[in-house]
Every structure is written in C-alpha cells, then in structure tokens.
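A.B. asks: Sequence first, then the predicted structure:
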Amino acid sequence: MAPVITYLLNNAPWIAVIVLAIIGSWKLSKYHAKLEETRNKVDSLPCDKHKDGIRDSEQRYNELQRIVTSTNDMVVEINKWLMKFDNDMIDKLAKKASPLKMTPLGEVLFEKSSAKKTIDNNIDFLIKELEDINPQTAYDVEEEALSYLLRNMGNEMFADIKKFLYYSPDTIQLKDPSSGEDKDVRLSMQSIIKLMSIYLRDLYLKKHSNIV
C-alpha cells in the first residue's frame, strides 16, 4: 500500500488525499462498529460481569481515539505537502525572509478573510493549546502552529473564514499595497491557515521571548 500512496502523492496528489481519506474513514467505521457492539454486550451482562466488559470497552475506545489521532496527523502532513506546490502561497502571500512572513498582499487577504479576527478573538485559547504542546524552538512553534490549525479546521472558530470562502469566487482580485496593482489570488483554506499560522507564531514568540 505504501508504494502506491507514494506514487499517487508524486503524480496525482488529490487522488492520494481521497484514497487516504477513504482508508481512514473505513478504519474509523470499523472500530466504531466494534465499540458499539461491545457496549451493547456490556449492557446485557449481569452486574457482576460489567467490570470486565467496561474495561474491554474502554480499551477499544482508546484504540479508536488512537486511530482518529493517526488519521488527523496524516491529513495534516498531506496538507503541508500540498502547500509546497501552491504558487500563490509561495510567491504572492508569504515569503521566506528568515523567518517566513506575510507579503503585503498576504496581509490584505489575512484581514479580508476574517483570519486575523479569528486569531485575535481566540488568542488566549490558541496560546494555551500551544503551551500544552510546549514547542522548544522558534522552528517548532511555526510547525506546531500550522499543524494545530490544520488539525482543527472543523472548529467553530473557523466559521467566518468558511463563510468568506463559500461566498467568494475561486479567484479574487486584491490590491497589492506594495505596487498599487490589482492581483489575482486563488483562494483556499490551506493558504489562509498558513497566514494564520505565521501570525500565531509571532504572537506566541512575543509572549515567550526566551524561545529562539
């Protein structure tokens, strides 16, 4: 299976995403079905046998949680891989400047998409989540900020961003402050999350100035 996935990632990345999502969903449904079956059996057991059944049920639940975490991590890594080939992200919205930072055009999208407001409104929560992860270097902070946001795209905090993407065309025109010209920008949740991770990284490092 691994060579097949590697081939698809190199030649047809979106097909690879679909295949991995199907595999992940199948694994989750399989373990969920087993968990429900165990719980039903436990409910039908006499009271003096419940303890062993509950213990077994908890073990299956822990396995389900492990599978969920593994699948989420896989999706995060696929998204990161796809970002490397997003020319709009690399050339227009963010640039490597030791460290990576938003371009003036990226800052316009960051504001317009409600991404900045999303981070600002949830900064205490997000900082606490990163503190629980405890990144040790500035590089780790950047990576963990991106990974956390990608893993939690389903969180309600992303509602305004999703609304912006839903009601916008695939490509929009934004005025580039550095040139005064209108430029086409292809929209995606991944590119906006990348901008959010840069901003979150900077706020975290500002609070934890000992991290270098």
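C.D. replies: Nice, thanks for sending it over.
A.B. asks: contacting residues around Leu165?
C.D. replies: With C-beta atoms under 8 Å, 6 or more residues apart in numbering as the criterion, the residues that contact Leu165 are Ser113, Leu187, Ser188, Met189, Ile192. Yep, even glycine has a C-beta here, placed from its N, CA and C like the rest.
A.B. asks: Could you report the separation of it from His208?
C.D. replies: 31 Å (C-beta to C-beta, to the nearest Å).
A.B. asks: likewise Ser197?
C.D. replies: Taking C-beta to C-beta as the measure, Ser197 falls 16 Å from His208.
A.B. asks: okay, the two: which has more neighbours?
C.D. replies: Shown here are Ser197 and His208; by other C-beta atoms under 10 Å, Ser197 has more neighbours (23 against 14).
A.B. asks: Skipping its backbone neighbours, what lies nearest that one in space?
C.D. replies: Leu146 (3.9 Å; C-beta to C-beta, 6 or more residues apart in numbering).
A.B. asks: Is it correct that that neighbour falls within a strand?
C.D. replies: No - counting by DSSP: H, G, I helix; E, B strand; the rest coil, Leu146 is not part of a strand but helix.
A.B. asks: pLDDT weak spots in this structure?
C.D. replies: In the predicted model, the chain carries pLDDT under 70 at residues 1-91.
A.B. asks: which residues in the protein form strands?
C.D. replies: 94-96, 100-102, 171-175, 182-186 (DSSP state E).
A.B. asks: out of these, which comes closest to Ala138?
C.D. replies: strand 100-102 (10.8 Å; C-beta to C-beta).
A.B. asks: buried set for the closest one?
C.D. replies: Lys101, Met102 (16 or more other C-beta atoms under 10 Å).
A.B. asks: With stretch 109-120 instead?
C.D. replies: Buried residues in stretch 109-120 (16+ other C-beta under 10 Å): Leu109, Phe110, Ser113, Ser114, Ala115, Lys116, Thr118, Ile119.
A.B. asks: before we move on, what about stretch 123-137?
C.D. replies: Here stretch 123-137 shows Leu126, Glu129, Leu130, Pro135 as buried, counting by 16+ other C-beta under 10 Å.
A.B. asks: With stretch 141-158 instead?
C.D. replies: Across stretch 141-158, burial judged by 16+ other C-beta under 10 Å covers Val141, Glu142, Glu144, Ala145, Leu146, Ser147, Tyr148, Leu149, Leu150, Met153, Met157, Phe158.
A.B. asks: Could you find which two of those residues are furthest from each other?
C.D. replies: It's Val141 and Phe158 that sit farthest apart of the buried residues of stretch 141-158, by C-beta to C-beta, at 20.7 Å.
A.B. asks: Since that was my last question, I'll sign off now.
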